[in-house]
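> Give the three-dimensional model of this entry:
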Amino acid sequence: MNPSAPALPRPVPPRQLAWLRAELDDWTSQGIIDDDQARLISSRYRPGDHARLSIGRVLLSLGGGFVGIGVIWLVAANLDQLSPTSRFAAVVLLWLAFLAGGEALAARKASPPLVGAVRLMAALGAGAVIFQAAQSLQVPAFEPRLLGLWAAGTLLHGYLVRASMPFLVGVATGVAWWFAQPLWDSPSGLTVVVLLGAAAALASGLAVLHDGWIAPFAWTWRTVAGAMALLTLFVAAIPGIGSDGVVWSTWLVVVLVAAAAAVAGAVLTRPGTRLLEPLGALAVLGVAIALTTWTTSTDTSDIDTADWLHAAVSVLAYVVLAVALVALGTVRDHPPLTAMAMVGLVVFTTFQSFAVFAPIVTGAWLFVVLGTVFLGTGFLFDRARRELAQVLVDDSPGGSATPASGAPR
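Reported below is the predicted structural model:
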């Protein structure tokens with residue numbers, strides 16, 4: 001490339017470009033830059049047709065998903081017209097065609113949405129191959145180990161080619177296996193809490209390990225970690241959820257060792273403030289186990305002091321977790337964490353309010369109390385978010401300037 005050649009205008013979302021041009025006009029009027037500089041900066045960007053691309057990506061992803069699910073459905077329907085060997089060969093050939101086609105398109109620099117759709121069909125086709133093989137070997141289709149094999153295969157595919165679609169399928173099937181396998185024999189409430197907390201620790205450790213390596217994968221693992229942490233405390237706060245105790249199994253030990261390994265790997269290889277994420281997930285697991293083993297009454301018509309105290313501690317722990325996720329979402333520029341924290345706090349507060357307040361405060365007063373709780377938590381929540389954002393702005397280079405209210409995040 002000739003270094004003296006002018007750079008092609010970079011496509012950006014129209015809303016972001018409108019914000020930039022408004023800022024350039026403001027800077028020009030204040031004398032920060034002159035008209036020529038403003039025109040030069042503006043010429044480096046052009047509006048991109050992101051809406052059309054987004055619609056195309058959605059349609060291609062839906063098409064790939066339907067085809068992949070259709071292949072699995074054909075396996076489930078047994079394809080009685082073919083012998084087991086022929087069925088298996090047909091499914092394998094389809095999977096290999098999708099797999100090779102996706103990588104061939106990627107090598108030819110084809111449209112990313114098209115490549116993603118074909119890779120999605122390959123990831124779903126891998127599940128069809130596994131279930132067809134299990135059917136031929138007379139293994140029940142609902143055996144959790146099949147989910148584990150599917151997750152392992154698609155995650156391997158995603159990591160080898162740095163592909164998001166196989167990776168997302170692997171994460172989804174892996175999460176399903178994570179809970180299905182240990183609960184296959186003897187489910188219990190406390191075991192569910194342990195699995196949720198361990199999943200949060202595993203995902204947060206993996207997110208930290210992926211930072212600076214594969215950013216999109218780190219983003220996904222961080223989202224999973226936040227969701228699992230919120231679910232952990234939500235389930236742990238249900239009265240009587242841990243009355244059955246933990247049902248230990250080989251698979252439960254395996255998933256706990258995997259979570260510990262991810263946290264240890266993050267601690268050993270990523271020193272610094274990033275470690276607050278996996279260590280915070282471990283703290284959530286510890287608090288959840290304490291809440292679960294805290295024996296309270298399950299009769300909502302007879303609320304005593306211990307029940308009130310349990311509910312108060314649960315709400316406090318959940319608010320602390322929500323604020324921590326908002327801080328993490330702000331620092332990492334990860335809006336889903338903030339959104340999940342806000343929605344989770346509303347749902348959790350509603351659940352606790354009806355479980356604790358409803359037997360005492362009924363009718364319209366219940367909604368008055370519930371609304372007051374929402375207003376109070378919402379005010380504190382928003383205040384903490386704004387103060388954290390301001391601290392980050394002040395600590396950044398040139399942070400004394402106040403950011404524009406319409407600045408993209």
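
> Please export the C-alpha coordinates of the helix or strand that Val169 is a member of as PDB.
Assigned by DSSP states H and E, Val169 belongs to helix 164-180. Provided in PDB are the C-alpha atoms of helix 164-180 (Å, rounded to 0.1, in the frame of the first residue of the first chain):
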ATOM      1  CA  SER A 164     -18.200 -17.000  16.900                       C
ATOM      2  CA  MET A 165     -21.100 -19.200  15.700                       C
ATOM      3  CA  PRO A 166     -19.600 -22.600  16.600                       C
ATOM      4  CA  PHE A 167     -18.300 -21.000  19.800                       C
ATOM      5  CA  LEU A 168     -21.800 -19.800  20.800                       C
ATOM      6  CA  VAL A 169     -23.300 -23.100  20.100                       C
ATOM      7  CA  GLY A 170     -20.600 -24.700  22.200                       C
ATOM      8  CA  VAL A 171     -21.200 -22.400  25.100                       C
ATOM      9  CA  ALA A 172     -25.000 -23.000  24.900                       C
ATOM     10  CA  THR A 173     -24.700 -26.700  24.800                       C
ATOM     11  CA  GLY A 174     -21.900 -26.700  27.400                       C
ATOM     12  CA  VAL A 175     -24.000 -24.700  29.800                       C
ATOM     13  CA  ALA A 176     -26.900 -27.200  29.300                       C
ATOM     14  CA  TRP A 177     -24.500 -30.100  29.900                       C
ATOM     15  CA  TRP A 178     -23.000 -28.400  33.000                       C
ATOM     16  CA  PHE A 179     -26.300 -28.700  34.800                       C
ATOM     17  CA  ALA A 180     -27.800 -31.800  33.200                       C
END
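
> right, and Ser314 touches Ala237 too?
Yes - between Ser314 and Ala237 there is a contact at 3.8 Å, judged by Cβ atoms under 8 Å. For the C-beta atoms, the positions are set from N, CA and C on the backbone; glycine is no exception.

> Show me the strands in the chain, by range?
10-12, 45-47 (DSSP state E).

> Common neighbours of Ser314 and Ala237, please.
Common neighbours of Ser314 and Ala237 are listed as 291, 352 (criterion: Cβ atoms under 8 Å, 6 or more residues apart in numbering).

> give me the low-pLDDT residue ranges for the stretch 1-150 of the chain?
Within the stretch 1-150 of the chain, the segments meeting pLDDT under 70 span 1-8, 48-60, 71-82.

> give me that answer again for 50
For the stretch 1-150 of the chain, applying pLDDT under 50 flags the ranges 1-6, 50-53.

> returning to that earlier point: check the offset of the helix holding Val169 from the chain's centre.
Centroid separation between helix 164-180 and its chain, computed with Cα atoms, centre = their mean, to the nearest Å, is 11 Å.

> State the mean pLDDT of it.
For helix 164-180, the mean pLDDT works out to 95.

> Which positions within that helix qualify as buried?
When burial is assessed from 16 or more other Cβ atoms under 10 Å, helix 164-180 yields the following buried residues: 164-175, 177-180.

> Distance of the closest residue to Ala198 other than its chain neighbours relative to Ser43?
Nearest residue to Ala198 in three dimensions, chain neighbours excluded: Ala259, at 4.1 Å (Cβ to Cβ, 6 or more residues apart in numbering). Separation of Ala259 from Ser43 (Cβ to Cβ, to the nearest Å) stands at 51 Å.

> for Ser249, same thing?
Ser249 is 64 Å from Ser43, where distance means Cβ to Cβ.

> Equivalent analysis for Leu124, please.
The value you get for Leu124 to Ser43, if Cβ to Cβ is used, is 44 Å.

> and what of Phe379?
Separation of Phe379 from Ser43 (Cβ to Cβ) stands at 45 Å.

> Ok, Gly245 next?
Taking Cβ to Cβ, one finds Gly245 at 68 Å from Ser43.
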